[in-house]
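[1] Dropping the sequence and predicted coords here.
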Amino acid sequence: MTLPCLILAAGFGTRMGALTADRPKPLIDVANRLLLDHALDAARGTGPITVNAHCHADQIAAHLAGTSLRLQYEYPDILDSGGAVKRAAQSLPTGPIATLNADNVWTGEAPITQLSAAFDPARMGALLLLVPRADAVGRIGVGDFSMDAEGRLTLDKLPESYVYTGAQILDPTPCLNDPRDVFTLRDMWHAYAAEGRLFGLIHRGRWADVGNPDGIALAERMLRDV
């Protein structure tokens, strides 16, 4: 099954400081490659691929010009992650959708390929790719989720919990049914967790968060060490 994929690239990138004064965070260079291109490589095997854009959207559009990728231009308001999924799913066939954050770098097997092999729509509302907190390069703070023996997730902030790597497959139906235009996917995760339908999968590779300037050097070191 080929899944549609939404790359979340619309954020303001405020944690990057001066680096995002005149460009969007997905167009920051990491190891001689733009973050957005790292995400597009991680999305291999999916289609169609949609990239949302808001901050410096004209630069995202210029970078994608001449490709078959879809641009989801969010104007005048940025929709946040849940609203972005809702907007994208409205123009896609019914069924699950993959999402990738455009400020992360992965090594190893393609994230969506791993998730696709494990996603069971009969049991799962969402399947998130995770790494143990101790293996999360560039991560500041604690983890995001605890996971039981069957892979079910609970949102928490324990030091030893797992970190979301910005890659997931989810059933977008709750997003489509949400009357709001602007909302976060965390609302969907809470709802799926309450139903016992929020699951996690451990990433077979390494992962780096490139959310701040220090994360760039850490991600480049990780990529050199592969």
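    In hand now; what should we look at?
[2] what helices or strands is the helix ranked longest in the chain leaning on?
    Across the chain, the longest stretch assigned as helix under DSSP state H is helix 213-224. Contacts defined by 3 or more C-beta pairs under 8 Å, 6 or more residues apart in numbering; DSSP states H and E place helix 213-224 against strand 104-106, strand 207-209. All C-beta atoms are positioned from the backbone trio N, CA, C, and that covers glycine.
[3] can you rerun that using 7 Å?
    The helices and strands touching helix 213-224, judged by 3 or more C-beta pairs under 7 Å, 6 or more residues apart in numbering; DSSP states H and E, are strand 207-209.
[4] Let me see the mean pLDDT of the strand it packs on.
    In this model, strand 207-209 carries a mean pLDDT of 96.
[5] what do you get for stretch 145-160?
    Per-residue scores along stretch 145-160 average to 92.
[6] Next: stretch 30-47.
    96.
[7] Can you check the distance spanned by it, start to finish?
    End-to-end distance for stretch 30-47: 25 Å, by C-alpha to C-alpha, to the nearest Å.
[8] what does stretch 12-19 give?
    11 Å.
[9] Give the buried residues for it.
    By 16 or more other C-beta atoms under 10 Å, the buried positions in stretch 12-19 come out as 13, 15-16, 19.
[10] Farthest pair within those?
    Farthest apart among the buried residues of stretch 12-19 by C-beta to C-beta are Arg15 and Leu19. That separation is 9.5 Å.
[11] in this protein, which spans are helices?
    With DSSP H as the criterion, the chain has helices spanning 35-42, 57-64, 80-89, 111-118, 173-177, 185-194, 213-224.
[12] Do you know the pLDDT at Gln72?
    Gln72 is given a pLDDT of 97.
[13] partners of it in the sheet?
    Asn52 (DSSP bridges).
[14] hang on, the earlier thing: as a markdown table, the buried residues of stretch 12-19 with distance to Asp156 and pLDDT would be great.
    Below are the buried residues of stretch 12-19 laid out as a markdown table (distance: C-beta to C-beta, whole Å; pLDDT from 0 to 100):
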| residue | distance to Asp156 | pLDDT |
| --- | --- | --- |
| Gly13 | 27 | 87 |
| Arg15 | 23 | 90 |
| Met16 | 28 | 90 |
| Leu19 | 31 | 90 |
